[in-house]
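[1] Here is my input; please provide its structure:
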Amino acid sequence: IGIGNVWRFCYVIAQDGGAASLLAYMISFVFIATPLFMYEMILGQFVRLSALPAWKFVHPRWAGLGYSQFLMTFIVQSYFVMVIAYTLPYIFGSCVEPLPWIENSEDHWYSTILGQNGKHGESFIQWHLLVSYIAVWVIIFLSISFGKEILSKVTYVTVIAPVVLILILVIRTSTLPGAGNG
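    Have a look, this model is predicted:
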């Protein structure tokens, strides 16, 4: 389950027609997405190749499917990398006392993070966001470039660390004054 399933999907379904949109989504999911996904999984298991050579194995004219899979994955990944990059200024800002967004979190988002004057203000390249974006891509590159041995260690950290952090947050917040009242 990705962040899009939890965060954006419900909003889009509600905006685009509710149950009618959900019905069209479910029909597409059952009759198009799931069979294609299963076919790609079976094909990958059978030929043991990446997307482009696997589709070329089926037929050389189908190489475009491999290229389009790469392009779509890159576009979606770029979006999610930017969402993750937005968190880095907050991570570093949370190390400062008092928190920079404690006065007005919306104003902090628009003026400090996005560099805008209000919600619809003009904005130029924000260098701290560009550095955050590049840093996340470097982390991704380093995570996958050294093979599955390193990737398995990265997976241990990225699965166990959030669980540990949630436990720490639950324990810490349960010891705060008034925690029993909530």
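[2] And for Lys56, the neighbour number?
    Applying other CB atoms under 10 Å, we find 16 other residues in the vicinity of Lys56. Bear in mind the C-beta positions are built from the backbone N, C-alpha and C, glycine included.
[3] for it, helix, strand, or coil?
    Following DSSP: H, G, I helix; E, B strand; the rest coil, the label given to Lys56 is helix.
[4] Span of stretch 54-74 from start to end?
    End-to-end distance for stretch 54-74, by CA to CA, to the nearest Å: 18 Å.
[5] Tell me how far it lies from the chain's centre.
    23 Å (CA atoms, centre = their mean, to the nearest Å).
[6] Can you point out the buried residues in it?
    Ala54, Trp55, Lys56, Leu65, Gly66, Gln69 (16 or more other CB atoms under 10 Å).
[7] Quick check: mean pLDDT of stretch 147-154?
    The average pLDDT within stretch 147-154 is 78.
[8] Of all pairs in the buried residues of stretch 54-74, which one is the farthest apart?
    Lys56 and Gln69 (12.4 Å; CB to CB).
[9] mind checking how far the residue minimising distance to the centre of the chain is from Leu43?
    When CA atoms, centre = their mean is applied to the chain, the residue found nearest the centroid is Phe80 (3.5 Å). Phe80 sits 25 Å away from Leu43, going by CB to CB, to the nearest Å.
[10] Glu77: neighbouring residues, count only.
    Actually, residue 77 is Gln. It isn't Glu. When neighbours are counted by other CB under 10 Å, Gln77 registers 12.
[11] do the same with the one 4 residues further on
    Neighbouring residues of Val81 were enumerated by other CB under 10 Å; the total is 18.
[12] Let me see the contact set for Lys153.
    Contacts of Lys153 were listed using CB atoms under 8 Å, 6 or more residues apart in numbering, and none were found.
[13] Who are the packing partners of whichever helix in the chain runs longest?
    As assigned by DSSP state H, the longest helix anywhere in the chain is helix 63-93. Using 3 or more CB pairs under 8 Å, 6 or more residues apart in numbering; DSSP states H and E, the elements in contact with helix 63-93 are helix 51-58, helix 127-144.
[14] Identify the residues contacting the first one?
    Residues lying outside helix 51-58 but in contact with it, judged by CB under 8 Å, 6+ apart, are 40, 43-44, 47, 49, 62-67, 69-70.
[15] Mind doing that once more with 7 Å?
    With contact meaning CB atoms under 7 Å, 6 or more residues apart in numbering, helix 51-58 is reached by Leu43, Gly44, Val47, Leu49, Trp62, Ala63, Leu65, Gly66, Tyr67, Gln69, Phe70.
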